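Novice: here's a sequence, model it:
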Amino acid sequence: MGKVWSMDAVAKNQSTAFFGNASALAESPKKEGLIYVGTDDGLIQITEDGGKNWRKVEKIGDVPELAYVSRIVASVNDPNTVYVAFENHQNADFKPYLFKSTDAGRTWTSIKSNLPANQPVWGIAEDHVNPNLVFVGTEYGLFFTVDGGQKWIQLRGGLPTIQVRDIAIQRRENDLVLGTFGRGFYILDNYTPLRSVTPAMLNQEASLLPVKDALMYIQAQPIGGRGKSFQGESYFTAENPPFGATFTYYLKEELKTRKAKRQDAERAAQRSNQPVRLPSAAELSAEEQEEAPSVIFVITDSQGKVIRRLTGPVTAGFQRVTWDLRYPAASLPPPPNPDGEDPFADPPGGPLVMPGTYKVSMMKRVDGVTTPIAQSQEFQVTVEGLDRMAPADRIALVEFQQKAARLQRAVSGATQAANALTPRFAAIRRALIETPNAPESLLNDAAALEKRKNEILRALSGDSALRQRNFNLPPSINERVGSVVGSSRMSTARPTQTQIDQYTHAAAEFEGVLNQLRQLIEVDLQKLEKQMEAAGAPWTPGRIPEWRDQ
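Specialist: Alright, predicted model coming up:
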């Protein structure tokens, strides 16, 4: 504190150790008896015979005297390779000191390279497959290198700005586990794509990295629902890895719209005190009409048939997208609910695909033009116990699920088309009442058509008035189809006879209802709207007005 204190000062010397303390220890997993010990006063002690004899390393590179040895890690690939990190914050020195030795600590090479100058290193881990892939945890985050420390890249992926105190690798699943200061720990699932990263790859426009084989299974809900179900916020849970096949890809630069590029150029001009170029009217119109850029993944089966398309983030860096191993859903997901998701409703999803070989290709779509941008990757979809499943049963299940999904798609579309007629008929009634030249017969025709629409909706979705009064009603078409799809969606067995019968009844009933809906919308309603147009009725939604200069 800027002065020498007397012997009577409070707590004089009580926090100062009389001896050096061991602050880091590592035992070689490749060579028995090789042990490294680091101390809080900057020394490294090494024994190669299990502690019988020791040699001392007192000075390494530019490390200041008495710097704290924060971590020692012996290589999991080479018996003579070891990593050591020092930190010297107690002397107002926050530089990273990171070294590597390939001769059991006799000589050392600095590998801090481009690590930030204000971030001491706290944790180190070496990949057990690729020795050039090394991770370090610093005061403010996580970094990795693919060339043994010549260049470091920060790995964010949602990780907050936090001190990474320790790093562990779960070898079976190849997960990276980070112990942080004050916020628990974080897990990066399956970091194996990083093993394929090379400096040349990082200079390419885009890269699609190898895909881990995907395990197909029915996800359990042991507490009655997804996630923590209804256990409340005091019940702690962490998310599992996403189900399905995860695609990891790299974009050197963000895919930007014309507007974003113009705004970047304007900011650059302002920073260099240059005049800002104003866009023309045509350029502004083109900006407003431009389709947003997208990254598209196309998944094909072993016969080359396209079975799914997905989109992913277009921002620069490493990104991930997960395919849920299902065919497309029969309907689009509903818009976000401001009150939260329905805990009992599963998100829309098609049937599970067959186990086997699949391929994913990556493309970009910019300004309406689709272009391949990375080499495709092949991967396997596997199922535990596949050898105990009859192939015919599996094929029968998938074929039935696809057939039921097609019916669900049609029934859902017909229901939405019929529901869309409700506000349309309301507008027609108002328009006819306000049209002096409209004969009363048009109002009667409109009422008759609306009655037919209501009958179609009752066949599709049931009688809501009676259901609200707890009447015992036969299942509607939607209820039958929903039951078939819902009960078979999570199944791995051949469809039951009940499911087959439900499908047969629903399909037969729906065919007649769909013909009625087509007649109503495509013939009778169009005829009514033409008569309204001739009578000079106000415009109503869905009707194209007629006009000619007289």
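Novice: give the contact list for the residue nearest to residue 478 when sequence neighbours are not counted.
Specialist: Residue nearest to residue 478 in three dimensions, not counting chain neighbours: residue 461, with 5.0 Å by C-beta to C-beta, 6 or more residues apart in numbering. (Glycine included, C-beta is placed from N, CA and C.) By C-beta atoms under 8 Å, 6 or more residues apart in numbering, the contact list for residue 461 reads 415, 476, 477, 478, 479.
Novice: can you redo those as TSV with secondary structure?
Specialist: Conversion of the contacts of residue 461 to TSV gives the following (DSSP: H, G, I helix; E, B strand; the rest coil):
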residue	secondary structure
415	helix
476	coil
477	helix
478	helix
479	helix
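Novice: quick one: contacts for residue 137?
Specialist: The contact partners of residue 137, taken as C-beta under 8 Å, 6+ apart, are 121, 122, 123, 124, 163, 164, 165, 166, 167, 178.
Novice: for the closest residue to the first one other than its chain neighbours, grab the count of nearby residues.
Specialist: For residue 121, the nearest residue in space outside its immediate sequence neighbours is residue 85; the separation is 3.8 Å by C-beta to C-beta, 6+ apart. The burial count assigned to residue 85 is 27, neighbours taken as other C-beta atoms under 10 Å.
Novice: unless I misread the structure, residue 85 falls within a helix.
Specialist: No - under three-state DSSP, residue 85 sits outside any helix and is assigned strand.
Novice: so which of the contacts of residue 137 are in strands?
Specialist: 121, 122, 123, 124, 164, 165, 166, 167, 178 (DSSP state E).
Novice: so which of these is the closest to residue 305?
Specialist: Nearest to residue 305 among the ones in strands among the contacts of residue 137, counting by C-beta to C-beta, is residue 178 at 40.9 Å.
Novice: distance from stretch 84-100 to the middle of the chain?
Specialist: Put simply, stretch 84-100 sits 36 Å off its chain's centre (C-alpha atoms, centre = their mean, to the nearest Å).
Novice: end-to-end on it?
Specialist: Stretch 84-100 has its terminal residues 7 Å apart, counting by C-alpha to C-alpha, to the nearest Å.
Novice: isn't the residue nearest to residue 121 right next to residue 98, touching?
Specialist: Yes - with contact defined as C-beta atoms under 8 Å, residue 85 reaches residue 98; the gap is 5.2 Å.
Novice: shared neighbours, these two?
Specialist: Common neighbours of residue 85 and residue 98 (criterion: C-beta under 8 Å, 6+ apart): 121, 124, 136.
Novice: mind giving me the domain split of this protein?
Specialist: Recorded structural domains for the chain (assignment: automatic domain parsing) are 22-192, 391-534.
Novice: pLDDT below threshold where in the stretch 351-500 of the chain?
Specialist: Scanning the stretch 351-500 of the chain for pLDDT under 70 picks out 386.
Novice: the strands in it, which residues?
Specialist: Using DSSP state E, counting those that start in this stretch, the strands of the stretch 351-500 of the chain run over residues 356-366, 369-383.
Novice: please, where are all the strands along the stretch 201-350 of the chain?
Specialist: For the stretch 201-350 of the chain, the strands defined by DSSP E, counting those that start in this stretch occupy 206-208, 214-216, 245-251, 294-300, 306-312, 317-323.
Novice: residue 467: which of these is closest?
Specialist: Closest to residue 467 of the strands of the stretch 201-350 of the chain is strand 306-312 (C-beta to C-beta; 36.2 Å).
Novice: that closest one: how far from the chain's middle?
Specialist: Centre-to-centre, strand 306-312 and its host chain are 14 Å apart (C-alpha atoms, centre = their mean).
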